[in-house]
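S.K.: show me how the following folds:
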Amino acid sequence: MPASDTSGLLAEQLLRLTRRLHRAQKRHMEPLGITPAQSRLLRMAAHSDRPPRMADLAQRLEVVPRAVTTLVDALEAHGSVRRAPDPDSRRVVRVELTDTGRATLRALRDARRAAAEEILAPLSDRQREVLGELLDTLAGTPDQGRC
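M.R.: Next comes the predicted model:
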């Protein structure tokens, strides 16, 4: 098979796998009352050195600021985040995780792992290791102690 045919086939396989993984994650996350977009915002807020500004979240999520406002509204109603004034500028609003938000992140991590386990179930430990190495190569990231 020519390389271009192989690349096309691999692209289709990766897209199918991605869709399957997204569906599995959504199914496992549904009981938590959090959407995938809300989950991404929570993770970004958690991995910031200090509570991020709404504008920073919009930029990192590659969405318009209004979309972040909608996500933060929903997460605030859920009890996972709170808006906090910036001590250096009264016009800036920062997004802080609450204890509920941190607990939700742990539950989301468990849901993502359960979804991944569902998808990876047919693979042996060695096959999983090889897949991880291949994905690291494709993503351009070294192995960082996969979870």
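
S.K.: ok, residue 42 touching residue 101?
M.R.: Yes - between residue 42 and residue 101 there is a contact at 6.0 Å, judged by Cβ atoms under 8 Å. Every C-beta, even on glycine, is put in place using the N, C-alpha and C of the backbone.

S.K.: who touches both of the two?
M.R.: 75, 80-81 (Cβ atoms under 8 Å, 6 or more residues apart in numbering).

S.K.: and the nearest residue to residue 85 once chain neighbours are set aside, how close does it get to residue 81?
M.R.: With sequence-adjacent residues excluded and distances taken as Cβ to Cβ, 6 or more residues apart in numbering, residue 85 is closest to residue 93, at 6.7 Å. According to Cβ to Cβ, to the nearest Å, residue 93 and residue 81 sit 11 Å apart.

S.K.: and these two? Which one has more around it.
M.R.: residue 81 (26 against 16; other Cβ atoms under 10 Å).

S.K.: chain neighbours aside, what residue packs nearest to the more buried one?
M.R.: Per Cβ to Cβ, 6+ apart, closest to residue 81 is residue 75, 4.5 Å.

S.K.: what does residue 111 give?
M.R.: residue 28 (3.8 Å).

S.K.: list the residues that contact that neighbour.
M.R.: Taking Cβ under 8 Å, 6+ apart as the test, what residue 28 contacts is 111-112, 114-115, 118.
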